[in-house]
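Student: Sequence first, predicted model second:
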Amino acid sequence: MERKPKLLWGTATSSYQIEGAVDEDGRTPSIWDTFCATPGTVVAGETGEIACDHYHRMPEDVALMAGLGIDVYRFSLAWPRVQPDGTGPGNPKGIAFYDRLVDELLARGILPWITLYHWDLPQALEDAGGWPGRDTAYRFAEYAAIAHDALGDRVRQWTTLNEPWCSAMLGYVSGRHAPGRRDARAGFAALHHLLLGHGLAAQAIREGAHAGGRADGLEVGITLNLSPKIPATASPEDLAAALWEDGLSNRLYLDPLLRGEYPADIAGKLEELGCPLPVRDGDLAIIAQPLDVLGVNYYSSSVVAAAPAGQNRWPGTATIARDVERTAMDWEVTPEELTHLLLRLEREYPGPAWYITENGAAYADEPDENGYVDDVDRENYLRTHIDAALEARERGVNLRGYFAWSLFDNFEWSFGYDRRFGIVRVDYDTQKRTPKRSARYFAERVAREKALES
Ligand code: IFM
């Protein structure tokens with residue numbers, strides 16, 4: 001019988017959420033620095049200025065990861081560190097940090113997995129129009145080439161974007177994330193330009209890798225936050241409501257990336273609503289670059305029902321609460337939907353290797369006097385979701401890995417430090433790191449799964 005490729009087990013973080021050092025070594029402000037400095041945007045006016053101080057504690061942090069026995073570490077590069085103006089040459093001092101990080105990981109036997117964009121756009125590019133402007137897609141490809149040129153000799157796993165839905169919808173439509181704009185037309189333009197940027201960046205990475213003789217084992221991909229939308233009943237109205245929500249959250253990303261077309265029902269409706277996707281000839285072929293990897297960030301799912309249309313003619317939908325456990329984000333805990341999601345992806349969008357690039361939960365942790373957190377709830381969350389992912393693999397899904405979100409408690413965007421997702425506690429007063437019960441569980445589970453496979 002043919003053996004399945006071994007699973008990779010890892011933890012994930014992102015630059016603005018953990019690094020701190022926002023004005024060191026030539027880093028310029030990102031949209032998140034500007035957003036945090038705007039009163040009323042982030043809980044308690046908190047910022048990523050210090051965060052987990054990872055920029056200064058990186059070797060200690062990598063040692064901690066090694067102690068967990070993980071295979072791979074997924075982190076993002078801060079674009080304003082690597083290419084401070086968002087255009088022009090790279091910044092040697094900023095790049096040097098990631099050079100050291102990559103070397104430190106490799107020395108500890110951990111694979112580095114890079115995400116190029118986890119939301120910290122250089123402010124200079126936002127000032128020039130941001131993602132609603134087409135030019136930003138081309139700037140992103142330029143930055144990708146600089147990053148790959150610097151690190152591609154040692155890094156084979158490259159993710160272009162993390163969760164473009166959040167960048168476009170929270171950043172430009174609802175304004176809950178940086179840059180805080182509230183303009184639906186701009187948001188859907190941003191969505192298209194993010195995907196175009198992904199395609200151009202994927203091309204740039206592959207070209208650089210082939211030219212530099214570094215194409216062996218190269219894996220290029222993108223990470224999407226996918227969320228099943230389950231119709232509340234089988235009525236035509238509820239079915240249509242769930243289809244619309246699925247279109248906005250899932251198909252609007254999966255279809256262009258894996259089928260080379262936007263879903264006609266959603267694209268047509270957006271046009272009608274005055275929010276057209278600004279597609280030019282040739283864009284969809286660029287977006288639909290071959291994908292080695294599609295990263296799935298899974299946290300929850302929702303039940304959707306029809307509701308009266310709003311004044312602005314947008315289809316009305318309502319989320320129906322289920323009687324299930326919720327996390328501190330108020331997200332329903334539905335591990336079985338992860339199995340269903342993965343089965344659907346393999347069935348409807350076959351091709352890429354699937355990785356769970358984020359999965360985890362915020363809970364109201366209560367540390368003891370030593371900072372230890374006995375987070376049974378988070379351990380249960382991880383256990384049931386890993387089980388659900390492995391079940392999908394058993395049932396034929398080409399699942400290749402799982403990353404816990406997150407290695408550390410960190411800056412949870414507009415929630416500031418109020419929501420803790422870490423399997424390792426961070427005391428923000430002392431910067432002391434203390435593995436929680438869930439970290440012990442994760443380390444044991446990884447060791448067990450690896451033993452079963454060997
Ligand atoms: O913290 C975020 C991360 O940056 C992106 N995915 C979801 C996580 C939890 O909200």
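Tutor: Nice, I can see it.
Student: which bits of the stretch 351-454 of the chain sit near the ligand?
Tutor: Glu358, Trp405, Glu412, Phe421 (CB under 6 Å from any ligand atom). Any C-beta I mention is one placed from the backbone N, CA and C, and that applies to glycine too.
Student: Now tabulate the residues you listed in TSV and tack on secondary structure.
Tutor: Output for these, formatted as TSV (DSSP: H, G, I helix; E, B strand; the rest coil):
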residue	secondary structure
Glu358	strand
Trp405	strand
Glu412	coil
Phe421	coil
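Student: Need the max-distance pair from those residues.
Tutor: Glu358 and Glu412 (12.7 Å; CB to CB).
Student: the more surrounded of those two?
Tutor: Neighbour comparison, Glu358 and Glu412: the larger count goes to Glu358, with 25 against 20 (by other CB atoms under 10 Å).
Student: Low-confidence regions, this protein specifically.
Tutor: Along the chain, segments meeting pLDDT under 70 span 1-2, 311.
Student: Could you pull up the residues touching Val376?
Tutor: Going by CB atoms under 8 Å, 6 or more residues apart in numbering, Val376 touches Arg437.
Student: So which residues on the stretch 51-200 of the chain come close to the ligand?
Tutor: Counting by CB under 6 Å from any ligand atom, the stretch 51-200 of the chain sits next to the ligand at Glu163.
Student: Tell me the residue of the stretch 51-200 of the chain that sits nearest the ligand?
Tutor: Glu163 (5.6 Å; CB to the nearest ligand atom).
Student: Could you report the separation of that residue from Thr357?
Tutor: Counting by CB to CB, to the nearest Å, the gap from Glu163 to Thr357 is 10 Å.
Student: what's the overlap in contacts for the two?
Tutor: Common neighbours of Glu163 and Thr357 (criterion: CB under 8 Å, 6+ apart): Thr223, Asn297.
Student: So between those two, which is more surrounded?
Tutor: Comparing Glu163 with Thr357 by other CB under 10 Å, the one with more neighbours is Thr357, at 28 against 24.
Student: so which strand or helix has the more buried one?
Tutor: Assigned by DSSP states H and E, Thr357 belongs to strand 353-358.
Student: Show me what that strand is packed up against.
Tutor: strand 8-12, strand 219-225, strand 293-297, helix 335-348, strand 399-405 (3 or more CB pairs under 8 Å, 6 or more residues apart in numbering; DSSP states H and E).
Student: what does that strand contact?
Tutor: With contact meaning CB under 8 Å, 6+ apart, strand 353-358 is reached by 8, 12, 74, 159, 162, 219, 221, 223, 225, 292-299, 338, 342, 345-346, 385, 389, 397-403, 405-406.
Student: How about stretch 236-247?
Tutor: Stretch 236-247 is contacted from outside by 228-232, 263, 265-266, 269, 302, 304-307, 315-318, using CB under 8 Å, 6+ apart.
Student: Among those, which are located in strands?
Tutor: With strands defined by DSSP state E, the entries of these inside them are Lys229, Ile230, Pro231, Ser302, Val304, Ala305, Ala306, Thr317, Ala318.
Student: Top of the residues you listed by number of neighbours, please.
Tutor: Across those, neighbour numbers were computed from other CB under 10 Å; Val304 holds the maximum, 24 neighbours.
Student: Quick check: that one touching Pro315?
Tutor: No. Judged on CB atoms under 8 Å, Val304 makes no contact with Pro315 at a distance of 10.6 Å.
Student: Am I right that Ile146 is in contact with Arg81?
Tutor: No. Under the criterion of CB under 8 Å, Ile146 is not in contact with Arg81, lying 11.3 Å apart.
Student: hey, what's the residue nearest the centre of the chain bridged with?
Tutor: When CA atoms, centre = their mean is applied to the chain, the residue found nearest the centroid is Asn162 (3.5 Å). Asn162 has these beta-bridge partners by DSSP bridges: Thr223.
Student: is stretch 4-18 anywhere near the ligand?
Tutor: Yes. Counting by CB under 6 Å from any ligand atom, the ligand is contacted by stretch 4-18 at Ser14, Gln17.
Student: could I have that stretch exported to PDB, CA atoms only?
Tutor: What follows is stretch 4-18, C-alpha atoms only, in PDB (Å, rounded to 0.1, in the frame of the first residue of the first chain):
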ATOM      1  CA  LYS A   4       0.900   8.800   2.800                       C
ATOM      2  CA  PRO A   5       3.400  11.700   3.100                       C
ATOM      3  CA  LYS A   6       4.200  12.400   6.700                       C
ATOM      4  CA  LEU A   7       2.300  15.200   8.400                       C
ATOM      5  CA  LEU A   8       4.100  18.300   9.500                       C
ATOM      6  CA  TRP A   9       3.300  19.600  12.900                       C
ATOM      7  CA  GLY A  10       3.900  23.200  13.800                       C
ATOM      8  CA  THR A  11       2.900  26.400  15.600                       C
ATOM      9  CA  ALA A  12       2.100  29.800  14.000                       C
ATOM     10  CA  THR A  13       2.500  33.500  14.800                       C
ATOM     11  CA  SER A  14       2.600  36.800  12.800                       C
ATOM     12  CA  SER A  15       5.000  39.700  12.800                       C
ATOM     13  CA  TYR A  16       2.900  42.600  14.200                       C
ATOM     14  CA  GLN A  17       1.300  40.300  16.800                       C
ATOM     15  CA  ILE A  18       4.600  39.300  18.500                       C
END
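Student: Mind listing what's buried along it?
Tutor: Using 16 or more other CB atoms under 10 Å as the test for burial, stretch 4-18 gives Leu7, Leu8, Trp9, Gly10, Thr11, Ala12, Thr13, Ser14, Ser15, Tyr16, Gln17, Ile18.
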